[in-house]
Structure formats: structure tokens, C-alpha cells
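Enquirer: what shape does this take:
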Amino acid sequence: MTGTRETDDGLVRALGLWDSTLLVIGLVIGSAVFLVTGGASGVARLLPTPGLLILGWIAGGLLSFAGALVYAELGAAMPRAGGQYVFLREAYGDLTGFLYGWTLFTVIHTGSLAALAVGYARYFGVFVPALGTDRIVAALPLFGHTLSISAGQLNAVAVIVFLSIVNYFGVKEGSLFQGIVTLVKIASFAGFILLGIAIGRGSWSHLVPLFGAAAGATGSEAAATAPAVTGGAGAFGMGPFILSMIAMLWAYEGWNNITFTAGEIKDPQRNLPRSLILGMSAITLIYVGMNLVYLYAMPIGDMVATDTIGEAAAGRLFGPLGSTLMSLCVLVSVFGCISATVISGPRVFYAMAKDGLFFRRIAAVHPRHRTPAQAILWQCVWSSALCLSGTYDQLYTFVIFAAVLFYALAGASVIVLRRRHPEWPRPYRTWGYPVTPILYVGVSVVVLGNTLINQPVESGWGLAILGCGLPAYAYWRRKRTA
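Expert: Got it, this is the predicted structure:
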């Protein structure tokens, strides 16, 4: 393969700066930007003035950017396949690294992949109802219950299988396909923002005043936002702002997965940090731009009244055709996110197997395509099974606590490893150290505490899933030392 270099473990450094930057964007932007702002539990309810809403999205981008700067140092210092798994293992030992990889494989990564694929199928059903999630094609008796399988679930499995096949034949081929989809996604966002402002039927009066009740809101709309403005801590208190940051961080979530592919990035000491910085900057601009257009399309009170704010805003700006085109935009965006997610996960499972902490066969690299072929296959099989089981959404809520816990530990690992291994070469050092990692870890701890308080049952199940990894760890550790 021209212009590539094989690494010590058989993978190929085929991803340039452009590839990895598009991968960061593809990993983050899915459906959240079309949904998170609106609805009774959306960000607009928590930050019910135009100025606060935009500041919230900027703050969410800056907090995620702080995390990206931390991971950039870690990835440049340890540019190996597995990324966050490697950081945790080096900082805290094999057990912590394994438990992260265990939850990633069982639920976190494969569950989010299943959720994305079924979400894609729901939007696909808007255009082809026969392949939507509303059409049940089979009802199977299972342990005294009936497992209903829809055409949409089969459609979701087909998407995962197709993208797994694309990535099986080479990381460069998979990233090229994903990059094309991401460019189409970016173009659709740019078109919506520019055309919405240029020819859309909106009004800048919806943004005035910036930090008061939005102009143009009716009495009922103002009343809808009043509890958020006057009740409790109020929109200007820390309570609603912290809750909004939780939603923001999940909307920005996924950028860390680029570190999983560090073993296949060219000149990772330079390109990995640059791709994170460029990618997160572009994502923040897109999110802020989209929300400005939402505000141009409707008063903030109307945002609270609609869950699918992307389609609602497009409908107001361009009419019924606009809503249809926005559904198509969501479809492309989610498809691109699935593609990026399929690329990243297998690198962690491959790294675990290579360390003797997972099934050995998963460490196999295809002799011709130089991809972790077995890891790609296993991810495909398990995420497809989660699609068909219909339990992916519930399982994912169980591991939110564990996921945030690992984010906090990974953020702190940059401090741990600087103290433990000051001799390591660090071609990139986190801007603002140690304030930046402390800020990121602090926010993660706040989110962790909020999750534990507001979702104690789900957090308990998440800890139980972590606990199930302990006997698995003992098994593979014995096999490694036997």
C-alpha cells in the first residue's frame, strides 16, 4: 500500500491528518444536534434565553475541547491501537484497562452502535416505510416472552454488516468511505445554515433580547419557559446549567474514540493532537451554527414544545419540503456516525487480545488487508445481536455511570503518568496543564455524581456489569500466565 508503513503489531499507518480529522467529526456528530436542544427535557428548557442557549453550546464545546487536549497528550505519548484502554492500563494497571474494554465490548461501544443503527432505520422508514421500525416481521417465543423483530431492526443489522465488510478490506478503504459520508454531512449542515439565513422564513427578533424572554414568544410560550427562568436555582443558577452541560457533553461525546485508531495514524505524535483540535473546533462551530439557525427559525418557547427541533426548524424556514430534506440530513449524519463507530471499536478489542486479556483469536491481523479482521467480525456479531434483542437502549443507560467513571480516570491519567514516567517523550503537552485536566476531571465527577443521584438503579446495574468483568479478568489472566 503506497505511502503507508506497517507498525510492529502488523497494522498499517494509513490514516493521514485529513482522514483522522474527518473521523473525529464523524464519531461525534450523529443525531444529537437535531434533538438535544428541543423538547420538555431539552437544553432550551434549561437555558431558556437565546444568549444562554448559545453560551451553553459554546461551553459544552470548550469542556469537550479540554478533554480532547488531555487525550491528545496521552495519544501522542502512546500512539498504539486501543487508545483509552492503553491509557488506563498504563496508569492504573491491567484490571482497570480490562474493565474498561469489557464494558466497551459488552455494552458501551456495541450498544451505542446498535442504538445508532436502529435510529438510522427509524429515519430510513420515513422514506421507505416497508423497512422501518414500525413493521414487525417476526415474533419469536423466547424464555416465556415474545421477541418481536421489526424490518427496521433487520435494516439496522444490514447497515452494520455492510460497514463492517467495508472496513474489513482495509482501514484506508473504510476511512475513505467514511470521509466521503462525513463531507456530505458537513455540506448538508453548511447548506442548512447558509440557506436558512439567506432565504429561510425566519426572524432575528427571536434572539432579542439575548438574556430575556425571546421576542415573538406568545403568552403560552413565555409561560412554558417561566418555570425554568424563575423556579429553583433559575436559568441563571448553577443547577440548570450543570444539567445542560450533561446533555451537551453527551452531544459532543465520541471524540475520544479517535485514540482507538492511534496505531494506524501516520505520524501520530503530530497528527493525532491536530486531528482532535481541528475536529473539535469544527464540531463546535457546526453545533453553534445549527442552534443559531434554530433560533432564527423559531422563538425559544417553541423549541421547548418540539422534540425533533431539526425538522421543525427546517419546516418553518423552508416549508414541508424542508422537513423532508432535514430527515434526509439526519439519515446521512447518523449513517456517517455508524461508519466511524464501526472503524474505531475493534482496535480496542484487538489491543486487549494482544495483551492476553481477551480471546486470542481477536488479536489476528488479516495477512493481506492488515486490519483486525476478527475484532471487526466479533463487534459486528455482538452489536447485531443487540439490535435484534431490542435491549440496547436499556443496557446503555446501565453503563452511563461506568462510562463517565472511565472518562474521569482517563483524564486524571495524564497527571498520574507525568509523575510516574517523567522520562517518556511527550511530543505534545496539554495546553494549560494541570488546570485543563483538572477541569475536565472535575466536570466528569459532577456528571458522575448527578448520574448516581438521579439514576441510582441504572448506576447499580452498571456497577454490576463491571462486576461481571472480574471473573472474566481472572480467567484471561490465568490463561495468560499459564
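Enquirer: now do the SS call for Pro427.
Expert: coil (DSSP: H, G, I helix; E, B strand; the rest coil).
Enquirer: gap between it and Pro141?
Expert: Separation of Pro427 from Pro141 (CB to CB, to the nearest Å): 58 Å. The way it works is simple: take the backbone N, C-alpha and C, and place the C-beta from them, glycine included.
Enquirer: what about the two, which has more around it?
Expert: Pro427 (14 against 8; other CB atoms under 10 Å).
Enquirer: contacts only, for the more buried one.
Expert: Shown in contact with Pro427 (CB atoms under 8 Å, 6 or more residues apart in numbering): Ala76, Ala77, Gln269, Arg270.
Enquirer: could you redo the last one with a cut-off of 10 Å?
Expert: Glu73, Ala76, Ala77, Pro79, Asp267, Pro268, Gln269, Arg270, Leu272, Pro273 (CB atoms under 10 Å, 6 or more residues apart in numbering).
Enquirer: low pLDDT regions in this structure?
Expert: Within the chain, the ranges that satisfy pLDDT under 70 run 1-9, 143-144, 212-238, 392-393, 396, 482.
Enquirer: buried subset of the contacts of Pro427?
Expert: Glu73, Ala76, Ala77, Pro79, Pro268, Gln269, Leu272, Pro273 (16 or more other CB atoms under 10 Å).
Enquirer: once you drop chain neighbours, what's closest to the fourth one?
Expert: Just to be clear, that refers to Pro79. Closest residue to Pro79 apart from its sequence neighbours, by CB to CB, 6 or more residues apart in numbering: Pro268 at 3.5 Å.
Enquirer: how close does the one you found sit to Phe318?
Expert: Taking CB to CB, one finds Pro268 at 43 Å from Phe318.
Enquirer: next one: Ile343
Expert: 34 Å.
Enquirer: neighbour count: the two, which is higher?
Expert: Ile343 (29 against 20).
Enquirer: give the contact list for Phe87.
Expert: So Phe87 contacts 70-71, 73-75, 77-78, 96-97, 100, 256, 259, 406, 409-411, 413-414, 416-417 (CB under 10 Å, 6+ apart).
Enquirer: kindly recompute the last result at 7 Å.
Expert: Contacts for Phe87 were tallied using CB atoms under 7 Å, 6 or more residues apart in numbering; they are Leu74, Met78, Ala410, Ser413.
Enquirer: farthest-apart pair in those, please.
Expert: Met78 and Ala410 (11.7 Å; CB to CB).
Enquirer: those two - which one has more neighbours?
Expert: Per other CB under 10 Å, whichever of Met78 and Ala410 has more neighbours is Ala410, with 28 against 19.
Enquirer: that one: what's it in contact with?
Expert: Gln84, Phe87, Leu88.
Enquirer: quick check: closest non-adjacent residue to the first one.
Expert: Here the nearest residue to Gln84 in space, its sequence neighbours aside, is Ala410; by CB to CB, 6+ apart that works out to 5.2 Å.
Enquirer: now the helices for the stretch 251-400 of the chain?
Expert: 268-297, 300-304, 309-318, 320-354, 373-389, 392-398, 400-420 (DSSP state H, counting those that start in this stretch).
Enquirer: what's the fifth one packed up against?
Expert: Applying 3 or more CB pairs under 7 Å, 6 or more residues apart in numbering; DSSP states H and E, one finds that helix 373-389 makes contact with helix 109-127, helix 151-168, helix 320-354.
Enquirer: what's in contact with that helix?
Expert: Here helix 373-389 has contacts from 110-111, 113-114, 117-118, 149, 153, 156-157, 160-161, 164, 167-168, 345-346, 349-350, 361-362, 364, 366, 392, using CB under 7 Å, 6+ apart.
Enquirer: of these, grab the buried ones for ChimeraX.
Expert: To isolate the buried ones among the contacts of helix 373-389 in ChimeraX, judged by 16+ other CB under 10 Å, type:
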select :110,111,113,114,117,118,149,153,156,157,160,161,164,167,168,345,346,349,350,362,364,366,392
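Enquirer: coming back round to it: now the helices and strands packed on helix 373-389 in JSON lines, with distance to Ile277?
Expert: Formatted as JSON lines, the helices and strands packed on helix 373-389 follow (distance: least, CB to CB, whole Å):
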{"stretch": "helix 109-127", "distance to Ile277": "24"}
{"stretch": "helix 151-168", "distance to Ile277": "25"}
{"stretch": "helix 320-354", "distance to Ile277": "18"}
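Enquirer: relative to Ser444, how far out is the residue nearest to Pro79?
Expert: 25 Å.
Enquirer: again with Leu470
Expert: For Leu470, the distance to Ser444 - CB to CB - is 23 Å.
Enquirer: likewise for Ile277?
Expert: Counting by CB to CB, the gap from Ile277 to Ser444 is 20 Å.
Enquirer: so for these two, which sits in the more crowded spot?
Expert: Per other CB under 10 Å, whichever of Ile277 and Ser444 has more neighbours is Ser444, with 23 against 18.
Enquirer: so Gly202: helix, strand or coil?
Expert: coil.
Enquirer: who are the neighbours in contact with it?
Expert: Counted by CB under 7 Å, 6+ apart, Gly202 has contacts Gly196, Tyr296, Ala297, Arg316, Leu317.
Enquirer: quick check, central residue of this protein?
Expert: The chain has Gly254 as the residue nearest its centroid, 3.1 Å off, counting by CA atoms, centre = their mean.
Enquirer: wouldn't that one be in contact with Ile29 here?
Expert: No: counting by CB atoms under 7 Å, Gly254 stays clear of Ile29, with 8.3 Å between them.
Enquirer: element containing Ser148, please.
Expert: Using DSSP states H and E, Ser148 sits in strand 145-150.
Enquirer: same deal with Leu176?
Expert: Judged by DSSP H and E, Leu176 forms part of helix 171-199.
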